[in-house]
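Participant: Here's a sequence, model it:
(2 chains)
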Amino acid sequence: DTAVSQTPKYLVTQMGNDKSIKCEQNLGHDTMYWYKQDSKKFLKIMFSYNNKELIINETVPNRFSPKSPDKAHLNLHINSLELGDSAVYFCASSQKGTGKGAEAFFGQGTRLTVV
Amino acid sequence: AQSVAQPEDQVNVAEGNPLTVKCTYSVSGNPYLFWYVQYPNRGLQFLLKYITGDNLVKGSYGFEAEFNKSQTSFHLKKPSALVSDSALYFCAVRDMGTNAGKSTFGDGTTLTVKP
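Facilitator: Sure, this is the predicted structure:
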């Protein structure tokens, strides 16, 4: 069974469109994350949720909106896509970080290409 | 604030030789430190972590890392490199004192092991 799964794996879309990426983890973890990896492979955190509550919200355009219907799911919706949004988006999960050095488990990534 | 530096974009070693991938960090409190590996078109995989205790940490695939508090370093090492170790390696740090559990990743080091 895949621990952290994201769909779709590839997403090609036109500028201005709205798209969503879904993520599910079956590890029973409390915390989920969205990371963005750019073309230079730099990895930056975007959002983190703990038990459906937003706890990290980095400087990300308002066009990006995460949603966590339950602690096993964290979806990412992107409005009005721009060329600069092209990147690989990774979902990850971990046990709650406070007081615990919990490593993250990553999904396989969603390669978003905006044309 | 917390930060991680991986001073080498690229490390090249011959198969069978020892390898070192360098990482230095900065946190205001005590650190949790992690190493992850990313193979092409894949998500990040956890290799090892330092939480507390023994400064020498052993992880997956024969990798180890040594926590050095005075030098604020956490270099990744392996006694004998394999061609299959060729990948992108990320060091990450998390401040133990933060509640949000946010990890900061270095920019990554590409390891190439030549036969």
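Participant: contacts and neighbour counts: CA atoms only from here.
Facilitator: OK.
Participant: tell me the mean pLDDT for stretch A:41-60?
Facilitator: Mean pLDDT, computed over stretch A:41-60, is 88.
Participant: next one: stretch A:65-78
Facilitator: Rounded mean pLDDT across stretch A:65-78 is 94.
Participant: just stretch A:93-112 next, same as before
Facilitator: Taken as a whole, stretch A:93-112 has an average pLDDT of 81.
Participant: and the end-to-end length of that stretch?
Facilitator: With C-alpha to C-alpha, to the nearest Å as the measure, stretch A:93-112 spans 20 Å from end to end.
Participant: now do stretch A:102-115
Facilitator: The straight-line separation of the ends of stretch A:102-115 (C-alpha to C-alpha) is 38 Å.
Participant: Can you give the distance from that stretch to the centre of its chain?
Facilitator: Its chain's C-alpha centre lies 7 Å from the corresponding centre of stretch A:102-115 when counted by C-alpha atoms, centre = their mean, to the nearest Å.
Participant: Pull out the buried residues from it.
Facilitator: Along stretch A:102-115, the positions that meet the burial threshold by neighbour count (16 or more other C-alpha atoms under 10 Å in any protein chain shown) are A:102-114.
Participant: nearest to residue A:57, of the residues you listed?
Facilitator: Closest to residue A:57 out of the buried residues of stretch A:102-115 is residue A:104 (17.5 Å), distances taken as C-alpha to C-alpha.
Participant: dump the residue contacts of the nearest residue to the closest one once chain neighbours are set aside.
Facilitator: In this structure, residue A:104 finds its nearest non-sequential neighbour in residue A:94, 4.7 Å apart by C-alpha to C-alpha, 6 or more residues apart in numbering or on different chains. For residue A:94, the set of contacting residues under the criterion of C-alpha atoms under 8 Å, 6 or more residues apart in numbering or on different chains consists of A:29-32, A:102-105.
Participant: Now distance to residue B:85 too, for those residues, in TSV please.
Facilitator: TSV is the format used below for the contacts of residue A:94 (distance: C-alpha to C-alpha, whole Å):
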residue	distance to residue B:85
A:29	29
A:30	31
A:31	29
A:32	28
A:102	24
A:103	20
A:104	20
A:105	20
